[in-house]
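S.K.: Need coordinates for the following:
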Amino acid sequence: MKLFLILSLVVSIMSCASQKSGVSPAKIELPIRDGKYDSEFPVKPSAPYLDRMARAVKLISTMTFYKAYQFGFEEQLRDDDLKNPQILSRAQTTYIFQRPSSGTATLISQNDRELIFMTCNHIVNHQDTIITYYAKKDQPREPSEIIHSISFKIKETMNILGIPSAGQPVLLASDEKTDLALVGVKLHRMPANPLLVLNIKFGKAAELQWGAFIYLLSYPQGKLMLSHSVVSQPNRDDKHNFLFNSSLTRGISGGIVIALRDGVPNFEVVGIVSALGAQTQYFLRPDINMASWMFDSNQPYKGDIFIDQQIGNNSGIVFAISSENIIDFIKQNKEKIEAQGFRFPSFFLKTDH
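M.R.: Numbering: from 1, shown residues only. Purely as a prediction, here's the structure:
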């Protein structure tokens, strides 16, 4: 028994000695430097770089006000009737409603007091006129030719948070097809602390492959968040747009998608988020103008009832606009932007961007 204890002690001492003598665990392999976008999680610290990029990403919000004119079905109004200047007098009801929208904008250029932000068209550019139609009797999900309501935009406000001494943001350029937009802001004076412009180059989404590792910086539900995912369906069309998966909710539109080429610190912008796969649910709600104390859960509700809708995230499918699309959009609108008193620094539009 004593001999066994002595042997055990010797084996333990030898084991400890071998660990101290330089026998190390398996080494972490660094990414292969092949000039391609990485598909593995970064092994080098990336926090300082991501922190700086995050400071260039801002929350952008808009509020659009409409005046609506609602018509009865018996009026049997069609599109041709819109030419009649007296058509609004036939409305049964008129009311004002608002449509809020929020998302993500990234500061991509500063030229003295001139700031240019990149975001999505659907966040900042809304229809001047909205026409709705009654449903077909035999096909309730299909609109008929009978006009239900006409709404006209009467006011629209835009705000980008976190920009001191900022003037009113203006829409410099937008495109509904690509869902891209550029917003300009002129500062009344230079802020005490310098603003941080996105300082990484635009990459090439055409070179993304299945499983390429990506970061996303965005404002879901108004909170700045960093998440990561992998690319699905790269080059899903001739514009090199792509998909990826994310559990984040509304507000990520306009968020920047960042990839790594041969590891940290070689970050590149490969796109921005355009839309989430979503589904719309309709529900009944009480009059939101009533105070909370007017609702009694123990009594039947007798006030006005409204139909409302909620758009929910559907399976985490995210649509991304390619970096090539973004650069083409900027170049096509360069003269239009300059005509409004804004300009990009000369280095921004070099061919390697």
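
S.K.: C-alpha from now on. contacts and neighbour counts both.
M.R.: OK.

S.K.: Can you name the residues bridging to Met225?
M.R.: Going by DSSP bridges, Met225 is paired in beta bridges with Ser218.

S.K.: Who are the contact partners of it?
M.R.: If a contact means Cα atoms under 8 Å, 6 or more residues apart in numbering, then Met225 has Leu216, Leu217, Ser218, Tyr219 as its contacts.

S.K.: and the spatially closest residue to Pro100 that is not a sequence neighbour, what helix or strand is that in?
M.R.: Nearest residue to Pro100, sequence neighbours excluded (Cα to Cα, 6 or more residues apart in numbering): Met63, at 4.4 Å. Element membership for Met63, per DSSP states H and E: strand 57-70.

S.K.: picking that back up, out of the contacts of Met225, which one sits closest to Ser247?
M.R.: Ser247 has its nearest neighbour among those in Leu216, at 11.6 Å by Cα to Cα.

S.K.: what's the neighbour count on the closest one?
M.R.: Counted with other Cα atoms under 10 Å, residues neighbouring Leu216 total 22.

S.K.: contacting residues for it?
M.R.: Met225, Leu226, Ser227, His228, Ser229, Gly255, Ile256, Val257, Ile258.

S.K.: what bits of the stretch 1-150 of the chain have low per-residue confidence?
M.R.: Low-confidence segments of the stretch 1-150 of the chain, defined by pLDDT under 70, span residues 1-31.

S.K.: so how far is stretch 104-114 off the chain centroid?
M.R.: Here stretch 104-114 is found 17 Å from its chain centre; the criterion is Cα atoms, centre = their mean, to the nearest Å.

S.K.: contact partners of it?
M.R.: With contact meaning Cα under 8 Å, 6+ apart, stretch 104-114 is reached by 56-60, 115-120, 160, 184-190, 196-199, 218-219, 251-256, 342-345.

S.K.: What segments of this protein are strands?
M.R.: All strands of the chain, identified by DSSP state E, fall at 57-70, 93-111, 114-120, 129-135, 143-160, 170-175, 180-186, 213-218, 225-232, 242-245, 256-260, 267-286, 305-322.

S.K.: how about the ones you listed in CSV, adding distance to Ala206?
M.R.: As requested, those are exported to CSV (distance: least, Cα to Cα, whole Å):
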stretch, distance to Ala206
strand 57-70, 24
strand 93-111, 21
strand 114-120, 20
strand 129-135, 37
strand 143-160, 31
strand 170-175, 21
strand 180-186, 18
strand 213-218, 14
strand 225-232, 12
strand 242-245, 9
strand 256-260, 12
strand 267-286, 9
strand 305-322, 8
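
S.K.: Of all these, which one is nearest Glu40?
M.R.: Closest approach to Glu40 among the strands of the chain (Cα to Cα): strand 213-218, 6.2 Å.

S.K.: correct me, but Lys186 touches Ile163?
M.R.: No - the pair Lys186 / Ile163 is not scored as a contact, 10.2 Å apart, by Cα atoms under 8 Å.

S.K.: So between these two, which is more surrounded?
M.R.: Comparing Lys186 with Ile163 by neighbour count (other Cα under 10 Å), the higher total belongs to Lys186, at 21 against 14.
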